[in-house]
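S.K.: Sequence and predicted structure below; questions after.
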Amino acid sequence: MTPHRKIASAALILIFVLSLCASAGEAAPKPPGPDKDKVREKPSKEGGKPVKPAEEKKNYDKVWLKSGEVVEGRVVDSGGPVIHVERTSGSRILLKSDIEKIEFGKGRTVETPDEDIVFMKDGAILFGEVHVDPKTGKIVLKRKTGAGEGETILDPKEVLRIIYADPARNQPLSRVRTRKEVKANPLIATSIRERLKDLASDDPDRVAKAEKALIDYGLFAEADISEALKTAKGAYKSRLQKLDKLTRLKRIVAPDILTEFPDIYDCLMNTKYDPKFETLQMIQMLFPEDAPPILVHVALDSVSENKQIRYYCLKQINELNHPRELITIMEKADTPLAVLAAVFLGERGILLGIPLLIEALDMEDEGVRKLALEKLRDFTREDFGGTPYDPPERRKKWIEEWRKWLKKHEKRIQRQATVVRNSDIPEEDRSHSSFLYGQGQIAFEHGNTSEALYLFEEALRFNPANTAAHMNIAVLLYQEMRDYVGARERLLRLLKFYADRISTINLRDIFFHLGMIALAQKEWEDAQKRFAQATLQDNRFVKGYIALAKSNQAQLDMDEELRPKLTDGEGEVVIIRAKREKLLKDALEAYQEAESLISGTRRALKNEKYIEAWREGVEQLEAEKSGSARRPSMKTQVPADLIMSLRRMLKKRHAQVLAEISRCHLMRDDTRKAIKTIEKAVDLLPKDTGLLFQMAMLYESEGSLADAAKTYGKILALDPDNSTARKNLNQIRKLHPELVPEKE
């Protein structure tokens, strides 16, 4: 926000002081207390009865802020997005968008200022004599300085409002009066009522002047305009609606927006689609933090706004990630827009719109019924049958089932509403959510899928922002229930709406699971993209590198488009060959990165310091699973056989990755590298018949038949029933009997 400078001159207070006509008997009672705490009375200028400060304070204007704070003083509206609250101790500037309501003091009058006052858009307030240069259109301000009089040239675009000392130029009176005739203007309320009468006139000039005057009054006229709207009709009602809309806009347009777009009010009042759309688009791009109140305002205006514009505003509020504003629209907008807001909330995992979606099932609009039923099934994973095309009597039966479901889950939805509106989750609820999540993980590890799903859902009931619970529900959906679409949607919603709350590790895992879903659906390029994103989040993520390599291999093996056809021309064959070569290269590099990381971890496991750090990590994991904030005190921190088990697991994985690297070398026609790599794998697992068979086949392809025969012999020693190894060995013996002895 553009900072506003405080008013330095005490003259400003005198100019805008709205004198208080305190009537007898209105004095506030003094608070009880000892004499030393009594407020000293201040004699009046006339030397009459003293005026108590308490009496003066009672007639101050009161401004209630949305934060709950109440500010007292004399309200000055400069016509922009801010007001000034004046006190003898100084001035305070408040944004209209932060104001809940204003109660004006009784008996206020406006005194005539001694000088013209210029309110600048940057918050500065200047005094002097104002006139406009007819040639340039610039504003000339004559000011008194220490050296005499001087002139300041002002750009009209930088000026927010001018208040003239001459009432004939400034004050919105029903008739023009000379300065000598006016000592003090009528009460504000009386003048506003006169302007409202003029607004109902058939005289265009009177209407134009009345509109301008009421706009100048700003906040002071809000209540009267709203009251007049209740009974107004025809053209008078249209004029009042325009003023009411403009007054509300002034509350929500931030100073920065007003500075960037001086004609913002004209643009927002314009009902044509193109200029309105362009204006909203620019506001959203340049001022994303200040845009939501304006977007909400336009979205809720069903009277004068274009339907497409309103739907655009709702969509942008959703894109800007403002769930509370979505709730406002859902509660206040007409039904079609409210239903769409409920859908957007549901896509975030916020179920506040479920009651509205259930009621929408009985609407006349078939399209709305279809959307509501589809989304209810998605959000709740329930299905009570029926179609949006069923006749009313048949719909009534399954709609009743949805209402029963709502009654059962009503408390959860109400709790979620409180959390979202307050944007504050009690620490007790966060802790309980973490505990339930940990219990869900244990249930999942023991194969109890339904129990795990229930516990993760319960964790979200206490903390809707528990991203790990959201993620694990998605994993259950695609791994156990094969619901790839539902799982992907949930993970994408996590990325979209909770990105700022997701830890790096959880973000890594989200990308990994998105890759696995894409791989299951044979969406090769998307899978490779997601696995690469996972490794970017954690460059030591071995599982991510292996998955990336396997996705490249899977595309090579299964993608029909990468297999040359007899009808392909020479150019097409070259392109296919280049694509295959790139996929092979990418797979090889990913496997090599994984092999390097596994090798490094195996070396580290021989280091006692690393083992100690790993033990602490295991302790912390146990604490999380048990729901305890403190690590348990373990007699034996990590059993020695667990370390041995980890070493064995890493050795096996290391050998498997080396075997895949060997396969990649072979596919690239580099048999020598393939053999060297598989030999390393066999050194790790010398009794693995699968690795031995792969090595024997490579020896054969290179022509090293003696090595191949020797390797087949090892396989048969480990597995005498391996018919393929026996067949291959017999074939070598038949061709080269000298290489294979009679006894194996």
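M.R.: Yes, it's here. Residues are numbered from 1 along each chain as shown.
S.K.: where exactly do the helices run in the stretch 301-450 of the chain?
M.R.: 307-319, 323-332, 335-347, 354-360, 366-380, 392-408, 410-422, 427-445, 449-462 (DSSP state H, counting those that start in this stretch).
S.K.: Could you export those as JSON lines, including mean pLDDT and distance to residue 512?
M.R.: From N, CA and C alone the C-beta is placed, and that goes for glycine too. Below are the helices of the stretch 301-450 of the chain laid out as JSON lines (pLDDT from 0 to 100; distance: least, CB to CB, whole Å):
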{"stretch": "helix 307-319", "mean pLDDT": "86", "distance to residue 512": "26"}
{"stretch": "helix 323-332", "mean pLDDT": "85", "distance to residue 512": "27"}
{"stretch": "helix 335-347", "mean pLDDT": "88", "distance to residue 512": "22"}
{"stretch": "helix 354-360", "mean pLDDT": "89", "distance to residue 512": "31"}
{"stretch": "helix 366-380", "mean pLDDT": "87", "distance to residue 512": "24"}
{"stretch": "helix 392-408", "mean pLDDT": "87", "distance to residue 512": "34"}
{"stretch": "helix 410-422", "mean pLDDT": "65", "distance to residue 512": "28"}
{"stretch": "helix 427-445", "mean pLDDT": "84", "distance to residue 512": "16"}
{"stretch": "helix 449-462", "mean pLDDT": "84", "distance to residue 512": "18"}
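S.K.: which one of those helices lies closest to residue 221?
M.R.: helix 323-332 (23.4 Å; CB to CB).
S.K.: Can I get the helices of the stretch 301-450 of the chain in a markdown table including distance to residue 528 and mean neighbour count?
M.R.: Conversion of the helices of the stretch 301-450 of the chain to a markdown table gives the following (distance: least, CB to CB, whole Å; neighbours: other CB atoms under 10 Å):
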| stretch | distance to residue 528 | mean neighbour count |
| --- | --- | --- |
| helix 307-319 | 27 | 19 |
| helix 323-332 | 33 | 19 |
| helix 335-347 | 27 | 22 |
| helix 354-360 | 37 | 21 |
| helix 366-380 | 28 | 18 |
| helix 392-408 | 41 | 14 |
| helix 410-422 | 37 | 14 |
| helix 427-445 | 28 | 18 |
| helix 449-462 | 29 | 19 |
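S.K.: Make JSON lines from those helices and add distance to residue 735 to it.
M.R.: What follows is the helices of the stretch 301-450 of the chain, written out as JSON lines (distance: least, CB to CB, whole Å):
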{"stretch": "helix 307-319", "distance to residue 735": "71"}
{"stretch": "helix 323-332", "distance to residue 735": "75"}
{"stretch": "helix 335-347", "distance to residue 735": "67"}
{"stretch": "helix 354-360", "distance to residue 735": "75"}
{"stretch": "helix 366-380", "distance to residue 735": "64"}
{"stretch": "helix 392-408", "distance to residue 735": "74"}
{"stretch": "helix 410-422", "distance to residue 735": "75"}
{"stretch": "helix 427-445", "distance to residue 735": "53"}
{"stretch": "helix 449-462", "distance to residue 735": "55"}
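S.K.: how close does residue 94 sit to residue 446?
M.R.: Separation of residue 94 from residue 446 (CB to CB, to the nearest Å) stands at 58 Å.
S.K.: Have a look at those two and say which one is more surrounded.
M.R.: More crowded of residue 94 and residue 446, by other CB atoms under 10 Å: residue 94, with 20 against 10.
S.K.: Not counting its neighbours along the chain, what's nearest that one?
M.R.: Once flanking residues are discounted, residue 94 sits nearest to residue 83: 5.5 Å by CB to CB, 6 or more residues apart in numbering.
S.K.: can you count the residues close to that neighbour?
M.R.: 26.
S.K.: Hmm, it is touching residue 75, no?
M.R.: Yes: Residue 83 lies in contact with residue 75 (CB atoms under 8 Å); the separation is 5.6 Å.
S.K.: sorry, back to before: of the helices of the stretch 301-450 of the chain, which approaches residue 692 most closely?
M.R.: Nearest of those (CB to CB): helix 427-445, 34.1 Å.
S.K.: what is the orientation angle of the closest one with helix 449-462?
M.R.: Angle of helix 427-445 versus helix 449-462, following axes from the mean of the first three to the mean of the last three CA atoms, to 10 degrees, is 170 degrees.
S.K.: counting contacts, what elements does helix 427-445 pack onto?
M.R.: Packing contacts for helix 427-445, counted by 3 or more CB pairs under 8 Å, 6 or more residues apart in numbering; DSSP states H and E, involve helix 449-462, helix 467-479, helix 608-626.
S.K.: Now do that helix against helix 467-479, angle only.
M.R.: Going by the same axes, to 10 degrees, helix 427-445 makes 30 degrees with helix 467-479.
S.K.: Now do helix 427-445: distance to the chain's middle.
M.R.: What separates the centre of helix 427-445 from the centre of its chain is 25 Å, taken as CA atoms, centre = their mean, to the nearest Å.
S.K.: now do stretch 524-543
M.R.: Per CA atoms, centre = their mean, the centroid offset for stretch 524-543 relative to its chain is 24 Å.
S.K.: Buried ones in that stretch, by neighbour count?
M.R.: Within stretch 524-543, the residues that qualify as buried are 524, 526-535, 537-538, 541-543, counting by 16 or more other CB atoms under 10 Å.
S.K.: which residues are contacting it?
M.R.: Stretch 524-543 is contacted from outside by 504-505, 507-509, 511-512, 514-516, 518-519, 544-545, 547-548, 551-552, 554-555, 559, 586, 593-594, 597-598, 601, 653, using CB atoms under 8 Å, 6 or more residues apart in numbering.
S.K.: Mark which of these are part of helices, please.
M.R.: Those of the contacts of stretch 524-543 mapping onto helices are 504-505, 507-509, 511-512, 514-516, 518-519, 544-545, 547-548, 551-552, 554-555, 586, 593-594, 597-598, 601, 653, per DSSP state H.
S.K.: Doesn't the residue nearest to residue 94 belong to a strand?
M.R.: Yes: under DSSP: H, G, I helix; E, B strand; the rest coil, residue 83 sits within a strand.
S.K.: who's it bridged to?
M.R.: Here residue 83 sits in beta bridges with residue 77, residue 94, going by DSSP bridges.
S.K.: ok, now how distant is it from residue 511?
M.R.: From residue 83 to residue 511 the distance is 49 Å (CB to CB).
S.K.: just residue 554 next, same as before
M.R.: 18 Å.
S.K.: quick one: which of those two has more around it?
M.R.: Neighbours were counted for residue 554 and for residue 511 using other CB under 10 Å; residue 511 has more, 24 against 17.
S.K.: hang on, isn't residue 441 packed against residue 475?
M.R.: No: here residue 441 lies out of contact with residue 475, judged by CB under 8 Å, at a distance of 10.8 Å.
S.K.: pLDDT value on the residue most central in space within the chain, please?
M.R.: Centroid check for the chain by CA atoms, centre = their mean gives residue 321 as the closest residue, at 2.8 Å. Looking at residue 321, its pLDDT stands at 76.
S.K.: Now do the phi/psi pair for it.
M.R.: Here is the backbone geometry of residue 321 (degrees, to the nearest 10): phi 70, psi 60.
S.K.: What of residue 446?
M.R.: Backbone geometry at residue 446, expressed as degrees, to the nearest 10, gives phi -90, psi 10.
S.K.: And it, how close does it get to residue 455?
M.R.: Distance from residue 446 to residue 455, by CB to CB: 12 Å.
S.K.: what do you get for residue 102?
M.R.: For residue 102, the distance to residue 455 - CB to CB - is 50 Å.
S.K.: Repeat that for residue 490.
M.R.: 16 Å.
S.K.: Likewise for residue 260?
M.R.: Residue 260 sits 50 Å away from residue 455, going by CB to CB.
S.K.: One more: residue 468?
M.R.: Applying CB to CB to residue 468 and residue 455 gives a distance of 12 Å.
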